[in-house]
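Peer 1: no sequence for this one, just the structure:
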């Protein structure tokens with residue numbers, strides 16, 4: 001039902017009119033070279049996956065991981081972390097927050113945004129990743145902690161890409177840009 005509703009929505013709100021194509025090109029090139037590419041978003045992962053499927057179909061990308069087609073999306077097997085309700089065994093969304101990405105031993109509660117994005121990296125992404133996290137792309141203060149975490153690693157070469165940085169991310173850009181670890185992309 002969600003997929004069908006979003007499909008109708010995307011007929012009037014064309015994602016290709018709002019997507020930052022140079023970033024999608026970087027995403028595609030990384031995927032083509034065999035890198036694991038993850039999407040860490042404060043948005044609903046089911047919605048984001050549907051948009052990515054739409055962009056694949058409309059613009060000819062191949063961004064969506066195998067097995068993550070909108071009609072058979074399985075959150076456990078796709079590299080998308082976000083905020084949403086738990087999906088019950090009958091395929092209906094519950095009123096319970098799906099905290100699989102931000103569970104931690106301290107019992108603190110997080111959403112996938114701000115500090116929660118760093119928690120998601122440490123508690124969900126890294127245990128599943130084949131290699132250390134070496135690049136992070138963000139555009140807002142909600143990406144500050146995750147970007148700082150990636151850029152502060154000392155044992156690997158890292159890169160941060162900021163697309164039209166906003167909020168506290170602008171401060172981070174200033175600090176790391178001088179160390180040549182940070183690239184700022186401005187949308188036209």
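Peer 2: Right, received. Where do you want to start? In this text the structure is predicted, and so the values were computed from the model without any measurement. Residues are numbered from 1 along each chain as shown.
Peer 1: mind listing the strands for the protein?
Peer 2: Per DSSP state E, the chain carries strands over the ranges 39-40, 80-81, 85-87, 93-97, 135-138, 159-163, 182-185.
Peer 1: between these, which one is nearest to residue 72?
Peer 2: Distance to residue 72, taken as Cβ to Cβ, is lowest for strand 85-87 among the strands of the chain, at 12.8 Å. For every residue, glycine as well, the C-beta is placed using N, CA and C.
Peer 1: neighbouring strands - and their directions - for the closest one?
Peer 2: The pairing partners recorded for strand 85-87 under DSSP bridges are strand 93-97 (antiparallel).
Peer 1: roughly how far is the partner strand from the heart of the chain?
Peer 2: Remark: strand 93-97 is offset 21 Å from the chain centroid, using Cα atoms, centre = their mean, to the nearest Å.
Peer 1: show residues contacting that strand.
Peer 2: Strand 93-97 is contacted by residues 2, 83-88, 111 when judged by Cβ atoms under 8 Å, 6 or more residues apart in numbering.
Peer 1: what's in contact with stretch 121-128?
Peer 2: For stretch 121-128, contacts defined as Cβ under 8 Å, 6+ apart pick out 38, 40, 81, 100-104, 132-133, 146, 149-150.
Peer 1: and the residues you listed, which of them are buried?
Peer 2: Buried subset of the contacts of stretch 121-128 (neighbour count, 16 or more other Cβ atoms under 10 Å): 38, 40, 81, 101-102, 133, 146, 149-150.
Peer 1: how close does the spatially most central residue of the chain sit to residue 2?
Peer 2: Central residue of the chain (Cα atoms, centre = their mean): residue 39, 2.1 Å from the mean position. In this view, residue 39 and residue 2 are 17 Å apart by Cβ to Cβ, to the nearest Å.
Peer 1: coming back round to it: can you redo the buried ones among the contacts of stretch 121-128 as a markdown table with distance to residue 74?
Peer 2: Listed next are the buried ones among the contacts of stretch 121-128 as a markdown table, based on distance: Cβ to Cβ, whole Å:
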| residue | distance to residue 74 |
| --- | --- |
| 38 | 15 |
| 40 | 18 |
| 81 | 14 |
| 101 | 15 |
| 102 | 19 |
| 133 | 23 |
| 146 | 24 |
| 149 | 27 |
| 150 | 27 |
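Peer 1: alright, that wraps it up for me.
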